[in-house]
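>>> Pasting the sequence and the predicted model now:
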Amino acid sequence: MAVIVNLDVVLAQRKKSLTELSQEVGITMANLSILKKGKARAIRFSTLNAICKVLDCQPGDILEYKSDDEAQG
Amino acid sequence: MCIFATQILILNAMKTLKTPLSINIIYWLTQVIFGLFLLVCGAAVVFNIMLYTDFFGNDLQLHTHFPVKVNILEEGNLYLNNTNIKVELVEGITKIHFFNTPLFLARWIGTALMMAIFIILYAMFSFRKFIINVKKHIIFLEENIQHLKNMAYAILALWIFTIVYMRIMYQTIAKHIEFKHVEIVDDFPNFAGLLMAALFIWVLSHIFMRGVKLQDEQNLTV
């Protein structure tokens, strides 16, 4: 998919683990793992809102658009 | 891809949802009927082995479905509102009983019977697996779609088999029988119910296909 999830990058910058994020945001580890691995089909605004609030970032920091060619290259 | 998420959803569903009474009733009925049907299948196999080993000899009396409808050429009287109305039985569906059934005919009927029973068993087997999944709240799965399709194909196969069997029976046997008070009508029962059931289940499998896609989307939405 052309939309890439950079959650791991933002987590590393904030020096937070996925478990901590899961506890603070109130989303299961399984769902966060799906999001982190880029396997999610959709993301709710409420989820995005909660993640941005906890990580103190913008949605654009977590989601990035790359064209298919760029993503493969 | 979504196996992990699906499993979590299933486990959550199993913990929180209660199986409706109707599903429980259908589940137990299916289990009982399937068990009884297995016995019938066993009996059919034993019966065929006996037929092919000439166990019965000449002392074999069989009865099977008469392939076409019959008219009873005898008038009856209906007394209604002080009036006598003449009536007769028409387009009756009946069975035929053979005295001293010829062995080749018995084998032919026995084999056809066994084939029909095995087709029904396969449909029941698929339905049983489907209902077990439904009872566990595992509904929108690829596996269930396959079970539904298998059921539809089995019922369709049974319909085709029955139609062909009835026509062969008519051409080889029924056409050549003469009765004094019965007229054989060249009108075959069409078993439309079987065909409709097969088509309905086939359509249902396509609805389930859409359900699986929606479930997948739901599971992968965070």
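Sure thing, it's come through.
>>> can we go C-alpha only for contacts and neighbour counts from here?
Fine.
>>> quick one: low-confidence parts of chain A?
Flagging of chain A using pLDDT under 70 yields the residue ranges A:1, A:70-73.
>>> Show me which residues of it sit near chain B.
By C-alpha under 8 Å from any C-alpha of the partner chain, the residues of chain A that approach chain B are A:A30, A:N31, A:L32, A:I34, A:L35, A:K39, A:A40, A:R41, A:A42, A:I43, A:R44, A:T47.
>>> Now restrict those residues to buried residues only.
A:N31, A:L32, A:I34, A:L35, A:K39, A:A40, A:T47 (16 or more other C-alpha atoms under 10 Å in any protein chain shown).
>>> Show me the two of those residues that sit farthest apart.
A:K39 and A:T47 (15.4 Å; C-alpha to C-alpha).
>>> ok, which stretches of the chain are strands?
You didn't say which chain, so I picked chain A. Applying DSSP state E to chain A gives strands spanning A:3-5, A:63-65.
>>> Actually, chain B is the one I wanted.
Under DSSP E, chain B gives strands at B:62-65, B:70-72, B:76-80, B:83-87, B:95-98, B:182-184.
>>> most remote residue from chain B's center?
The C-alpha centroid of chain B is most remote from B:N82, which lies 45.0 Å away (C-alpha atoms, centre = their mean).
>>> how about it, phi and psi?
phi 60, psi 20 (degrees, to the nearest 10).
>>> What confidence value was assigned to it?
The model reports B:N82 with a pLDDT of 90.
>>> which regions of chain B sit below the pLDDT cut-off?
Within chain B, the segments meeting pLDDT under 70 span B:1-16.
>>> do that again at 80, thanks
Scanning chain B with the threshold set as pLDDT under 80 gives B:1-17, B:57-59, B:186.
>>> All the helices of it, in order from the start?
B:3-16, B:21-52, B:103-135, B:142-172, B:192-219 (DSSP state H).
>>> Also chain A?
Using DSSP H, helices in chain A cover A:7-14, A:18-25, A:29-36, A:45-55, A:59-62, A:68-72.
>>> Spatially nearest residue to B:C41, not counting backbone neighbours?
In this structure, B:C41 finds its nearest non-sequential neighbour in B:I117, 6.5 Å apart by C-alpha to C-alpha, 6 or more residues apart in numbering or on different chains.
>>> The one you found: neighbour count?
By other C-alpha atoms under 10 Å in any protein chain shown, the residues close to B:I117 number 19.
>>> quick one: which of the buried ones among the residues of chain A next to chain B is nearest to B:T111?
A:K39 (53.1 Å).
>>> What distance do you get for that closest one to B:L105?
62 Å (C-alpha to C-alpha, to the nearest Å).
>>> Ok, B:A112 next?
The value you get for B:A112 to B:L105, if C-alpha to C-alpha is used, is 11 Å.
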